[in-house]
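>>> Predicted model follows, preceded by the sequence.
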Amino acid sequence: WGAGPGAHSHLGDVRLWNTKHPVAWAGQIATGHLPVAGYEAIDADSRELERIMLGIRLREGIELASLGSGPSGPPTDLPDAAGATPPHLVPVVAGLVADGLLDASAAMMGRAVLTLRGRLMADTVTRALTR
């Protein structure tokens, strides 16, 4: 459970978020009420998009072989080589490397790792990798 004003939590397939304003949040806690401001159901596609969106922002990035996998698991059109980039993403990754958004050496090792410029444009990279 997320703690604090504006914190987000996941409970099964539901995402919840707390009241953002610190004084209002504290008032709800003080009176014994849960400070839940809202919630939404998360479907498999949204969960996968979120996995990629958050994973790409990690220092170690995300495995390229895991991209393109939907709710049913990894794509079935992957070559036999473990860790291979899905074929439909090869030109996308090459373009992101050429644009200075993904680290070239990491991409050669099968990982999507943002460059400094890529960190500033992480949403653009996520969109490109999830089309």
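That came through, no problem. Given the structure is predicted, the values throughout are model-derived calculations rather than measurements.
>>> Pull out the buried positions in stretch 8-16.
Of all the residues in stretch 8-16, those buried under the rule 16 or more other Cβ atoms under 10 Å are Arg15, Leu16. For the C-beta atoms, the positions are set from N, CA and C on the backbone; glycine is no exception.
>>> End to end on that stretch, go ahead and measure it.
One end of stretch 8-16 sits 6 Å from the other (Cα to Cα, to the nearest Å).
>>> Can you pull the phi/psi pair for the residue located most distally from the centre of the chain?
What lies farthest from the middle of the chain is Thr31; by Cα atoms, centre = their mean that is 35.3 Å. Dihedral pair for Thr31: phi -100, psi 10, per degrees, to the nearest 10.
>>> Give me the helices and strands touching the helix ranked longest in the chain, please.
Looking across the chain with DSSP state H, the single longest helix is helix 44-55. With contacts taken as 3 or more Cβ pairs under 8 Å, 6 or more residues apart in numbering; DSSP states H and E, helix 44-55 sits against helix 122-129.
>>> what's the strand or helix carrying Val97 packed up against?
Using DSSP states H and E, Val97 maps to helix 90-98. With contacts defined as 3+ Cβ pairs under 8 Å, 6+ apart, helix 90-98 has these neighbours: helix 104-108, helix 122-129.
>>> mind listing what's buried in the first one?
The reference is to helix 104-108. Neighbour-count burial for helix 104-108 flags Ala106, Ala107 (criterion: 16+ other Cβ under 10 Å).
>>> pLDDT (mean, whole number) over the next helix-or-strand element following it?
Per DSSP H and E, helix 104-108 leads on to strand 111-112 as the next helix or strand towards the C-terminus. The predicted model assigns strand 111-112 a mean pLDDT of 96.
>>> how about low-confidence regions in this protein?
Applying pLDDT under 70 to the chain flags residues 69-83.
>>> domains of it?
Split into domains by automatic domain parsing, the chain comes to 8-41, 44-129.
>>> Just give me the residue right at the centre of the protein.
The residue lying closest to the centre of the chain (Cα atoms, centre = their mean) is Met53, at 2.2 Å.
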